[in-house]
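J.: Quick one: sequence plus predicted model below, questions after.
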Protein chains: 2
Amino acid sequence: VETDDRILISREPLNAETPLGRQVGTITPLRRHFVRTHFPTPRPPDRLVIDGALRAPLAFSADDIRAFPSRSLVVTLECAGNGRSFLDPLVPGEPWRLGAVSTGEWTGVPLRLLLELAAPTARAVEVVFRGADRGTPSELNRPIAYERSLRLREALDSDALLAYAVNGEELPPEHGAPLRLVVPGAYGMASVKWLERITLLERPLAAFYQTERYVIGGVPLGPVAPRAIIVDPIDGAMLPRRPLLLRGYAWSGHAPIAMVEVSDDGGRTWAAARLSEAHSPYAWREWQFAYDPTDRDGVSFLPRATDAAGNEQPLAPRWNTLGYANNAARPTSVRFG
Amino acid sequence: VETDDRILISREPLNAETPLGRQVGTITPLRRHFVRTHFPTPRPPDRLVIDGALRAPLAFSADDIRAFPSRSLVVTLECAGNGRSFLDPLVPGEPWRLGAVSTGEWTGVPLRLLLELAAPTARAVEVVFRGADRGTPSELNRPIAYERSLRLREALDSDALLAYAVNGEELPPEHGAPLRLVVPGAYGMASVKWLERITLLERPLAAFYQTERYVIGGVPLGPVAPRAIIVDPIDGAMLPRRPLLLRGYAWSGHAPIAMVEVSDDGGRTWAAARLSEAHSPYAWREWQFAYDPTDRDGVSFLPRATDAAGNEQPLAPRWNTLGYANNAARPTSVRFG
């Protein structure tokens, strides 16, 4: 189902892709930003508690949070299951195509600031983020809260925000109002919504969404794998036979994008696309590629991203039982005539 | 009149300020972006003509324009009359306070690209941009089109865009759909809306909005003068007597912002504010300033911007008959108790 704004995957809980064909510029308009939820949208928590291995527990109202110095970052968020529906054999889980990725300007308090204020003890090693959303996953027989953790060191070193606004607007309910985490470079599951509690632990978190999900062969997912996509033309388009301009986006959670290439022969040969300027270290980058079809009746374009750390997007999927991080290059086929 | 979204100055033609107190992050949501129009919103032109001193006239449909390589830039636009209502004695013209300034991510075709394609003759020195909006200014007795020009050299050197989208959305009617100019660093009058014709001239343009308006003492306005504003707290606020955080924005069309200072004693002494990271060379920059009122009952804060070219915001207005470029520092007064 494609509404005006998003492509609905499931209504309850709400899961929806952004229509990538309508993406221009860096920012995704809020009403088109993809949404990933595990449980029904909860009642907004009225405060944020920080507790566990620290000097003394703290509690903040929404107003308290806004009184801290703020920071704004343009961040691309991508669901770990983006591209899942292209795995063969198909795996369970939301059947995302490529639209579980969007970019917003997120405004909030640096996580680092609140953690330093909370003064974790010397034994604290991990930070758990708990959302107000809860429910019973089909694999369990009891309700749980959505919980994810970061290593304390990683949390302190990151540019993560506790965000209360996006694109200059109050955070909307489906994006985690009043307060959500935004972890640049990590898959979306790290950016816990409806944040109600931050807990410092002296040992790693054992929790369903930390150790049973968002793992590949038991290993936690790393940073977002590099990916380039084509947004214009759309797959299956019939075009006049004249020079055309491919337009797309590329991103990686490991490092800035270094190169995008396009193949018109299934990956045998590649030509470099033109990268637009980077608007943020944490946002996708637009790219464009001029192509002259000359006497061809049709062509299948394959885009491939490489990041500055040398990670290259693969041509074949790396199949895994839960269907995560499938960043294999996807073709866009068009016909001329 | 303050609607939910904008502060209306006049309905026909539409002139409205952005509510600065609601600005967070860099981007201004579109429905809150200030609007400046000289005449009623015209019917959208169906093509853009480029003519005059060039090899041969060209005409482009909206689709033609979108087929060119695109570029996206985050640009702060400010009306030349912003701050006019603070001049004493008051002058004619729209009584803007400080909200005739907003920031968008504009997407379009680089002006340079179209000009190079048009191949101006060696005698061309100026580029005229004509909007589809027309009417009879009260000072004239005949209808005219809205027209503004740039020197050809300046146009080729600039990062000006012919924009068809803003904040990831189609350009709305009040912002000049289907195509408008966006000239970074210049006051808003240069960014002609509803663009229907670009004409290369062999002499400077003589036209009402070029030579009779947007001049100070006959001299055309230069780049946007540096300005810092406070958006939070709002002027006249009553606050609890405890440490507070001032939040504001600063911009200059001459050069990047180098420094923002705040005075709590009417400009006798100044302390530096903390500048947030720059998200774009052409956008305002957020700044924050922590203040402890201790035993004061009230205070009047004065913000002042200095840019990297050494231009410092003045404390007193530079009065002029048409009320342009009044970037004098404006106080925000609050009371504690």
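T.: Received it, and whenever you're ready, just let me know what you need. No experiment lies behind these values; they were computed from the predicted model shown.
J.: ok, for the residue positioned nearest the centre of chain A, nearest residue in space, not its chain neighbours?
T.: The centroid of chain A falls nearest to residue A:78 when counting by CA atoms, centre = their mean (1.8 Å). Of all residues not flanking residue A:78 in the chain, residue A:101 sits nearest, at 4.0 Å (CB to CB, 6 or more residues apart in numbering or on different chains). Every residue, glycine included, has its C-beta placed from N, CA and C.
J.: Contacts only, for residue A:302.
T.: Residue A:302 is in contact with A:262-264, A:266-267, A:315, A:329-331, counting by CB atoms under 8 Å, 6 or more residues apart in numbering or on different chains.
J.: Kindly supply the PyMOL command isolating those of those that are buried.
T.: A single PyMOL command is used to select the members of these judged buried by 16 or more other CB atoms under 10 Å in any protein chain shown:
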select buried, chain A and resi 262+263+264+329+330
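J.: and of the contacts of residue A:302, the nearest to chain B?
T.: Distance to chain B across these (CB to the nearest CB) is lowest for residue A:262, with 14.5 Å.
J.: Residue in the stretch 201-337 of chain A with the shortest distance to chain B?
T.: residue A:288 (5.2 Å).
J.: Quick one: neighbours of that residue, just the number.
T.: Per other CB atoms under 10 Å in any protein chain shown, the neighbour tally for residue A:288 reads 18.
J.: Torsion angles phi and psi at it?
T.: For residue A:288, the backbone dihedrals are phi -140, psi 150 (criterion: degrees, to the nearest 10).
J.: follow-up on the earlier one: looking at the contacts of residue A:302, which is nearest residue A:9?
T.: Nearest to residue A:9 out of those is residue A:330 (CB to CB; 17.6 Å).
J.: is it true that the closest one lies in a helix?
T.: No: assessed by DSSP: H, G, I helix; E, B strand; the rest coil, residue A:330 does not belong to a helix; its assignment is coil.
J.: separation between it and residue A:86?
T.: According to CB to CB, to the nearest Å, residue A:330 and residue A:86 sit 6 Å apart.
J.: For the helix or strand that residue A:247 is a member of, report the contacting residues that lie outside it.
T.: Applying DSSP states H and E as the criterion places residue A:247 in strand A:244-251. Contacts with strand A:244-251, where a contact means CB under 8 Å, 6+ apart, come from A:23, A:76, A:78, A:101, A:224, A:226-233, A:257, A:260, A:262, A:273, A:275, A:283-291, A:293, A:301, A:303, A:305, A:332, B:67-70.
J.: Repeat that for stretch A:114-126.
T.: A:50, A:52-55, A:58, A:68, A:127, A:149-152, A:155-156, A:162, A:198, A:200-205.
J.: now, which of the residues you listed lie within helices?
T.: If you go by DSSP state H, these have A:152, A:155-156 in helices.
J.: before we move on, back to that, which neighbours do residue A:330 and residue A:86 have in common?
T.: With CB under 8 Å, 6+ apart as the test, residue A:330 and residue A:86 reach no residue in common.
J.: How many neighbouring residues does residue A:219 have?
T.: Neighbours of residue A:219 (other CB under 10 Å): 8.
J.: which residues does it bridge with?
T.: Counting by DSSP bridges, residue A:219 is bridged to residue A:216.
J.: now it: how far from residue A:322?
T.: Distance, residue A:219 to residue A:322, using CB to CB: 12 Å.
J.: do residue A:263 as well
T.: 29 Å.
J.: now do residue A:48
T.: In terms of CB to CB, residue A:48 sits 30 Å off from residue A:322.
J.: Same check on residue A:104?
T.: Taking CB to CB, one finds residue A:104 at 26 Å from residue A:322.
J.: Between these two, which is the more surrounded one?
T.: residue A:104 (28 against 19).
J.: host element of that one?
T.: Going by DSSP H and E, residue A:104 is in strand A:101-110.
J.: I'd like to check the angle between the helix or strand just after that strand and strand A:101-110, please.
T.: Downstream of strand A:101-110, the first helix or strand assigned by DSSP H and E is helix A:111-118. Interaxial angle, helix A:111-118 versus strand A:101-110 (axes from the mean of the first three to the mean of the last three CA atoms, to 10 degrees): 30 degrees.
J.: Output helix A:111-118 as CSV, restricted to C-alpha atoms.
T.: C-alpha atoms of helix A:111-118 as CSV (Å, rounded to 0.1, in the frame of the first residue of the first chain):
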residue,chain,number,x,y,z
LEU,A,111,24.2,11.9,25.2
ARG,A,112,27.8,12.5,26.4
LEU,A,113,26.6,15.6,28.4
LEU,A,114,24.0,13.7,30.3
LEU,A,115,26.3,10.7,30.9
GLU,A,116,29.0,13.0,32.3
LEU,A,117,26.5,14.7,34.5
ALA,A,118,25.3,11.3,35.8
